[in-house]
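J.: Here's a sequence, model it:
(one chain, ligands or ions: 1)
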Amino acid sequence: MNLVIFGPPGAGKGTQSKFIVKKYNLFQLSTGEFLREEIKKQTELGIKIASIVNSGLLVSDDIVAKLIEKTVSNKSYKNKIIFDGYPRNLPQAKNLNRILDKYNQKIDVVLKLSVNLDTIKKRISGRFTCSICGKIYNEFSNPAPKNTNCCSSKFLQKRGDDTVEVATKRFETYEKATEPLLDFYKNLNLLKVINGERPINQIYDEISQIMALIEGWLYIITPYKYAFETLTH
Ligand code: AMP
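T.: Have a look, this model is predicted:
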């Protein structure tokens, strides 16, 4: 199963993706995390990316497209990818369909997490990530547990773009560039809109129900699809 998860900054894409990855043994392709890794390396490209990311804009489609093809073409991840933060505009959505098609794959479902700007500001100002395990916490709504080895305060880091000013700009970028994906995926009959304002476990429960339905459906149709492909090739 391949799925796309999208929504405004602070909607909980990363948090929910990590739960889904664990339960369904998928590969999380987070373009944001990939870009942050590049920034950390302080390469010439990383420095260029940092200035774009920290101003709340999108980096160029070409930079992220290379990463997408590299992952989709990897046989170990075939039909096992969760696209977290990609696509973020219509050209990227069309590019994703083209690449998946090239490797005989498709998207099974698109999850859209809806959250308003006030919630985003609150979430982003309290967000920290553990630099060891990648878990995401919020000092107000989901604090890191005490007495743990890796998620202790010395390992919790704040993202450079997690300020209220940059988050507001990122929200504007989202509305302008990413919201049009709603209609794109609605027309392809793939879209599920989820209220992302609720507690993490409630959102995850709804996602799990959607995933169970899709899994059941794939279980039924896959043998027929396989037989059809064998006959027609
Ligand atoms: P995220 O971790 O998904 O919130 O992404 C953080 C930042 O990385 C975004 O605000 C963008 O500047 C950049 N970014 C992430 N994914 C993409 C993408 N698919 N296309 C362009 N820029 C991206």
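
J.: which helices and strands sit right next to the longest helix along the chain?
T.: Using DSSP state H, we find that the single longest helix of the chain is helix 200-232. Other elements packing on helix 200-232 under the criterion 3 or more Cβ pairs under 8 Å, 6 or more residues apart in numbering; DSSP states H and E are helix 13-24, strand 109-114, strand 191-195. All C-beta atoms are positioned from the backbone trio N, CA, C, and that covers glycine.

J.: burial count for the residue in the chain that the ligand sits nearest to?
T.: Closest residue of the chain to the ligand, Cβ to the nearest ligand atom: G32 (2.0 Å). G32 has 19 neighbours, counted by other Cβ atoms under 10 Å.

J.: okay, the helices and strands packed on helix 200-232 in CSV with mean neighbour count and distance to I124 next?
T.: Formatted as CSV, the helices and strands packed on helix 200-232 follow (neighbours: other Cβ atoms under 10 Å; distance: least, Cβ to Cβ, whole Å):
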stretch, mean neighbour count, distance to I124
helix 13-24, 18, 12
strand 109-114, 21, 14
strand 191-195, 16, 19
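
J.: quick one: which of those is nearest T178?
T.: For the helices and strands packed on helix 200-232, the distance to T178 is smallest for strand 109-114, at 9.5 Å, taking Cβ to Cβ.

J.: and the residue most central in space within the chain, backbone torsions?
T.: The centroid of the chain falls nearest to D84 when counting by Cα atoms, centre = their mean (1.4 Å). Torsion angles at D84 (phi, psi; degrees, to the nearest 10) stand at phi -110, psi 100.

J.: any idea how far it lies from G32?
T.: 8 Å (Cβ to Cβ, to the nearest Å).

J.: list residues touching both of those two?
T.: G14 (Cβ atoms under 8 Å, 6 or more residues apart in numbering).

J.: For the ligand, tell me whether stretch 160-170 is touching it.
T.: Yes: judged by Cβ under 6 Å from any ligand atom, stretch 160-170 comes into contact with the ligand through D161, R170.

J.: which outside residues touch that stretch?
T.: Here stretch 160-170 has contacts from 8-10, 39, 50, 53-57, 117, 120-121, 124-125, 127, using Cβ under 8 Å, 6+ apart.

J.: List buried residues within these.
T.: By neighbour count, with 16 or more other Cβ atoms under 10 Å, these hold 8-10, 39, 50, 53, 56, 117, 120-121, 124-125, 127 as buried.

J.: Check those and tell me the two furthest apart.
T.: Spatial extent of these (Cβ to Cβ) is set by the pair I39 and L117 at 25.4 Å.

J.: Relative to V53, how far out is the closest residue to L190 other than its chain neighbours?
T.: Excluding the flanking residues, the one nearest L190 by Cβ to Cβ, 6 or more residues apart in numbering is V110, at 4.5 Å. To V53, V110 is 24 Å away according to Cβ to Cβ.
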